[in-house]
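Enquirer: everything below, folded, please.
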Amino acid sequence: EPQQYPHNLTVPWCESCEFIDLDQSLVSKDKGICYGTTRTPLQQDLAFLLKQAAVRSLSREETSKEEGTMYFDSERGHVLSHTFALQDSLTRGFHRKCSILTLMRDKINGIEQMQCSQRAIRQAQGSPSNPARSLSQLTGEPTVFAHLYMWFTWLLSVEPVVERPSNAPKIAISCSPGILR
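Expert: Numbering: from 1, shown residues only. The predicted structure follows:
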């Protein structure tokens, strides 16, 4: 599995994935706990799992419904996904599928042996003829990612902490890795 640090991204990024710059992060602090988000995972073992969850969520292989909420993959991590469509006059079919997903995991062994399939790579690359537009462009809300970040921060704050990462990487904020969530 390739390392997905900003300086050596191996998967091409489209405009729809660029809600903040590669070297930026959104950070908030609440009751002594720091919450942060970046464009690339801080824990590299999550990068592959997130890519697979996104492809699986958008392909809707679990159900025939085009939109809705689903739960899958209790073996590699627990994924809760909500897929929806937004009107986009620049795409084939005049709509773009979007998915908001949450990946929760227990101890996972053997992630190094998992390999991304060719089908998943093709699906992740999308159609080259129509440039992807970001969620903020499609909704007309320039702060949609900030709102999503605030809601996910709230979800994390009400969830009891069962396990903290032992080797959380340092990021350029005033929070120690022990309280980064």
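Enquirer: which element follows the helix or strand hosting residue 54 toward the C-terminus?
Expert: Using DSSP states H and E, residue 54 maps to helix 45-59. Going down the chain from helix 45-59, the next helix or strand is strand 68-72, by DSSP H and E.
Enquirer: dump the helix holding residue 54 to PDB, restricted to CA.
Expert: Taking Å, rounded to 0.1, in the frame of the first residue of the first chain, the C-alpha atoms of helix 45-59 are listed here in PDB:
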ATOM      1  CA  ASP A  45      -3.000   2.400   7.700                       C
ATOM      2  CA  LEU A  46      -6.400   4.200   7.300                       C
ATOM      3  CA  ALA A  47      -5.600   5.600   3.800                       C
ATOM      4  CA  PHE A  48      -6.300   2.200   2.000                       C
ATOM      5  CA  LEU A  49      -9.400   1.500   4.100                       C
ATOM      6  CA  LEU A  50     -10.900   4.900   3.400                       C
ATOM      7  CA  LYS A  51     -10.300   4.500  -0.400                       C
ATOM      8  CA  GLN A  52     -12.000   1.100  -0.400                       C
ATOM      9  CA  ALA A  53     -14.900   2.300   1.700                       C
ATOM     10  CA  ALA A  54     -15.500   5.300  -0.600                       C
ATOM     11  CA  VAL A  55     -15.500   3.100  -3.800                       C
ATOM     12  CA  ARG A  56     -17.700   0.600  -2.200                       C
ATOM     13  CA  SER A  57     -20.100   3.300  -0.900                       C
ATOM     14  CA  LEU A  58     -20.400   5.000  -4.300                       C
ATOM     15  CA  SER A  59     -20.700   1.700  -6.300                       C
END
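Enquirer: determine the angle, from 0 to 180 degrees, between it and strand 68-72.
Expert: Here helix 45-59 points in a direction 130 degrees away from that of strand 68-72 (axes from the mean of the first three to the mean of the last three C-alpha atoms, to 10 degrees).
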